[in-house]
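A.B. asks: what's the 3D shape of this:
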Amino acid sequence: MKDFVYESGVRILYGADQMQMVAEEIAKLGQRVLIVTAGSFVAGGHYEALEKALQTSGLTVACLPAGKKPLLSKVNEGVGICQKEEIQVVLGIGGGVSMDLAKAIAFAACNPETPLEKYLTYELSAEGRPMLPVVTIPTNPMSGSETNPDIQITLDESGMQVGCGVGKAVFAWLNPDYAMSIPDKILTYGQVTSFVQLSLNYLNLSRAPLAEHYAEATMKTILECLRRSLSDKQDKEARGNLLLSSALALSGINDLGREMEFIPYPLQSFAQRYLGLDYPQALTGIFPYWMKEIYRASEDKSIFHRYFSEILGVSVEGKEEETLLQDALAALKKLYQEFGIPFSYGEIRENPNKHSELVEMIASFGPMPCRIMPVTAETLANIIEDAIARNLN
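C.D. replies: Numbering: from 1, shown residues only. Take a look at the predicted model:
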């Protein structure tokens, strides 16, 4: 287990009857609020009640619709509102897009002298830089953005998704009422994405039993409560548990003493751009093929054996390594099929057959260190193309 310092730094307010407390807590942070909100929150009739509660607490409110992608141009639009309206607090409501935009706007508004791209591409470090206080209200549990410091922003011209850590929200409000109207397909994709994010962090070289057991419990909770939510649309407790699982999944508690592998996230970003996918499609679609590669490359396969057994329900005793891998992939495929999630990119998109362009796109990102195995732009392009061709051999 590696050395670490753990400080969550994000208060979690849970429950449907917290509106007044949320308004009062925001008022302690500032009087002028920019709300970055998803369209579904407005369409669901929730926005008016929240706006009224904030105004009743003496707050002045401005609103920025988030849109479907966390575009850099949208960040710049939000910064302009912050400057014009002298915004003091940024409130992100919705899924990862809204919350990432809120954090990015809060950071960029306090660092106007430097383009945000320099931080997003790691040309400059964002560590220690100021940002406006942020509050998050997740309505589509998936990304964990409500409690982690990270942002993923899409560059308008290239479509490339880049990101960095800028800072965490002051607090997050988890209201299960806001998650009750999520369509089954969106809820399912979000939860399988959250499951995959945990799996990616789990399957690495660092070992820490407490963190691993936390992650196992979270993954099992996600699958259990997703099944409950799909079978009973009125199961508010199941939805609330999904909100809580999402908030804690990437908050650091599942990674204590462990070191996250970097590569899968730019890898899914390349797939997004190459195939025109969204984040959940790209991440869930690449995971089986990434798992295949790192399993074969890892000398110590004990963490894989535990994942196969504890999470996928595969018997590991007495099997040759390749047989075990294929059994695990079959079990993972069965899990995807249960929830109607494509197990490959080939189920969603035709192969563009532009291998050289894909390699060039990946190479333009620059060096990407991988602790599990050596990688090149060619290696990563091959993994994406395996996911298109459904090649698990």
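
A.B. asks: Could you point out which residue ranges in the stretch 151-300 of the chain have low pLDDT?
C.D. replies: Along the stretch 151-300 of the chain, no part satisfies pLDDT under 70.

A.B. asks: That one: helices as residue ranges?
C.D. replies: For the stretch 151-300 of the chain, the helices defined by DSSP state H, counting those that start in this stretch cover 184-202, 209-231, 236-249, 264-275, 279-297.

A.B. asks: how far off helix 279-297 does the shortest one point, in degrees?
C.D. replies: What it means is helix 264-275. 120 degrees (axes from the mean of the first three to the mean of the last three Cα atoms, to 10 degrees).

A.B. asks: Can you tell me what sits against helix 264-275?
C.D. replies: 152, 158-163, 200, 277-279, 281-283, 285-287, 290, 345, 348-349, 352, 354, 357-358, 361-362, 365, 368, 380-381, 383-384, 387-388 (Cβ atoms under 8 Å, 6 or more residues apart in numbering). Just so you know, the C-beta spots here come from the backbone N, C-alpha and C atoms, and that holds for glycine as well.

A.B. asks: buried subset of the residues you listed?
C.D. replies: For the contacts of helix 264-275, a burial check counting by 16 or more other Cβ atoms under 10 Å picks out 152, 160-163, 200, 277, 279, 281-283, 285-287, 290, 345, 349, 358, 361-362, 365, 368, 380-381, 383-384, 387-388.

A.B. asks: and Cys63, what does it touch?
C.D. replies: Applying Cβ under 8 Å, 6+ apart, the residues contacting Cys63 are 34-35, 37, 47, 51.

A.B. asks: rewinding a little: reformat the helices of the stretch 151-300 of the chain into CSV and put distance to Pro176 next to each item.
C.D. replies: Shown next, in CSV, are these (distance: least, Cβ to Cβ, whole Å):
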stretch, distance to Pro176
helix 184-202, 13
helix 209-231, 10
helix 236-249, 4
helix 264-275, 29
helix 279-297, 21
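
A.B. asks: who wins for proximity to Met131 among these?
C.D. replies: helix 236-249 (19.9 Å; Cβ to Cβ).

A.B. asks: Report all helices and strands that that closest one contacts.
C.D. replies: strand 11-14, strand 134-138, strand 171-174, helix 184-202, helix 209-231 (3 or more Cβ pairs under 8 Å, 6 or more residues apart in numbering; DSSP states H and E).

A.B. asks: Go through the fourth one and flag the buried ones.
C.D. replies: In other words, helix 184-202. 187-202.

A.B. asks: quick one: low-confidence ranges for the stretch 1-150 of the chain?
C.D. replies: 1-8.

A.B. asks: follow-up on the earlier one: closest to Val375 out of the contacts of Cys63?
C.D. replies: Using Cβ to Cβ, the contacts of Cys63 come closest to Val375 at Thr37, 38.4 Å.

A.B. asks: Run through the bridge partners of that closest one.
C.D. replies: Legend: beta-bridge partners of Thr37 under DSSP bridges are Pro65, Ile93.

A.B. asks: Good, wrapping up.
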